[in-house]
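S.K.: The following comprises the amino acid sequence and a computationally predicted model.
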Protein chains: 2
Amino acid sequence: MREAGGRATPARRMLLRVLFSEGEHRSAEELAAAVHAQAPDVNISTIYRNLDELVRLGVVDRAYLGGGPASYHLASAAHGHIVCELCGAMTEVPDDLFNDLAEVVAARYGFKIAPHRFAMTGLCANCR
Amino acid sequence: MREAGGRATPARRMLLRVLFSEGEHRSAEELAAAVHAQAPDVNISTIYRNLDELVRLGVVDRAYLGGGPASYHLASAAHGHIVCELCGAMTEVPDDLFNDLAEVVAARYGFKIAPHRFAMTGLCANCR
DNA sequence: TTAAATGCAAAGAATTTGCATAACA
DNA sequence: TGTTATGCAAATTCTTTGCATTTAA
């Protein structure tokens, strides 16, 4: 944080602590709730601003898993996502599942996909 | 529409006409604007309701391409999407690009992916 | 004539912004 | 001591909902 010209504030410490301790795939609201358990005065807009900053620094990944709120997780825990369109169940899938596809897309379009920042939607085993 | 117990209303005719004539990947607001060019009185909530219905009937696909509004296109024009996280450029990719990946995901998780309803995000050739 | 569709206005969820104040370095 | 970060409230964007009215079949 400091290296990037930022400051170490209580709100930021709390947010990072929560990101490490809580499970993956938390929305901004959920992260805010977790932060509030310890520091009730941290404003939601501060959460959003700090998440933006952490995303910009590459510390946190923001993934859009469908219509709902954006989902945040530590960049260190990279993985893909599959999300059921009916029941909403989310499953993590290993990054390397995308290797072949990523190669083709890179070769054909010059596009580098970031598998941990989107979800493949469809139908899960239960809902099919 | 009628087969599904629905009615053929002017608002629906207009919406479908627009979906056929306009390009792909329109947001609800864009579709509303196009409809309004011919029928200024159609309410945006009617657009949303009819889009919901068309999605339910499988006539239209709704894709979440990132943080912005949902994107709608005729289900007949099935294809995948890659969207650049920096410049927002969207490119359509053929469905069959997902064949191998879809097979693995089906075998391993029992999950059937719907490639035309999400976008793979990442960096385009220009932004890399 | 009756269930389905619409318009309107209002609410809702998720996120962003302006501005005065507080606090890290 | 001067930015940087925060709180607060209000605004924005996208979408949904309740309800009275209209309309297709």
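M.R.: That came in fine, so what should we check first?
S.K.: Residue numbers of chain A in contact with DNA strand C?
M.R.: A:2, A:7-10, A:27-29, A:44-45, A:48-49, A:52, A:68-70 (C-beta under 7 Å from any atom of the strand). From N, CA and C alone the C-beta is placed, and that goes for glycine too.
S.K.: which residues of chain A score low on pLDDT?
M.R.: A:1 (pLDDT under 70).
S.K.: one more time with 90
M.R.: Low-confidence regions of chain A, defined by pLDDT under 90, span residues A:1-6, A:22-25, A:58, A:66-67, A:75-79, A:85-89, A:95-96, A:116, A:126-128.
S.K.: where exactly do the strands run in it?
M.R.: Taking DSSP state E as the test, the strands found in chain A are A:60-63, A:71-74, A:80-84, A:90-93, A:112-113, A:120-123.
S.K.: Need those in a markdown table (columns: distance to DNA strand D).
M.R.: Below are these laid out as a markdown table (distance: least, C-beta to the nearest atom of the strand, whole Å):
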| stretch | distance to DNA strand D |
| --- | --- |
| strand A:60-63 | 14 |
| strand A:71-74 | 16 |
| strand A:80-84 | 16 |
| strand A:90-93 | 19 |
| strand A:112-113 | 23 |
| strand A:120-123 | 14 |
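S.K.: Out of these, which is closest to residue A:100?
M.R.: Residue A:100 lies closest to strand A:112-113 among those, at 11.5 Å (C-beta to C-beta).
S.K.: who does the closest one pair up with?
M.R.: Applying DSSP bridges to the sheet, strand A:112-113 is found paired with strand B:119-123 (antiparallel).
S.K.: just to revisit the earlier point, are any of the residues of chain A next to DNA strand C buried, and if so which?
M.R.: With burial judged by 16 or more other C-beta atoms under 10 Å in any protein chain shown, the buried subset of the residues of chain A next to DNA strand C is A:28, A:70.
S.K.: so which of the residues of chain A next to DNA strand C comes closest to residue B:75?
M.R.: The shortest approach to residue B:75 among the residues of chain A next to DNA strand C belongs to residue A:68, at 22.6 Å (C-beta to C-beta).
S.K.: For the closest one, which non-adjacent residue is closest in space?
M.R.: residue A:27 (7.3 Å; C-beta to C-beta, 6 or more residues apart in numbering or on different chains).
S.K.: Same check on residue A:114?
M.R.: Closest to residue A:114 by C-beta to C-beta, 6+ apart is residue B:122, at 4.4 Å.
S.K.: is that neighbour in a bridge, and if so with what?
M.R.: Partner residues in beta bridges with residue B:122, using DSSP bridges, are residue A:113, residue B:84.
S.K.: got the contact list for residue A:10?
M.R.: By C-beta atoms under 8 Å, 6 or more residues apart in numbering or on different chains, the contact set of residue A:10 is A:39, A:42.
S.K.: Would you enumerate the residues in contact with residue A:109?
M.R.: Counted by C-beta under 8 Å, 6+ apart, residue A:109 has contacts B:82, B:91, B:93, B:124, B:125.
S.K.: Mind picking the two most distant members of those?
M.R.: Farthest pair in the contacts of residue A:109, by C-beta to C-beta: B:93 and B:125, 13.7 Å.
S.K.: Can you pick out the residue with more neighbours from those two?
M.R.: residue B:93 (20 against 13; other C-beta atoms under 10 Å in any protein chain shown).
S.K.: ok, now which ones touch that one?
M.R.: A:105, A:108, A:109, B:79, B:80, B:81, B:82.
S.K.: Double-check the last one against residue B:97; I have them as touching.
M.R.: This means residue B:82. No - the pair residue B:82 / residue B:97 is not scored as a contact, 9.6 Å apart, by C-beta atoms under 8 Å.
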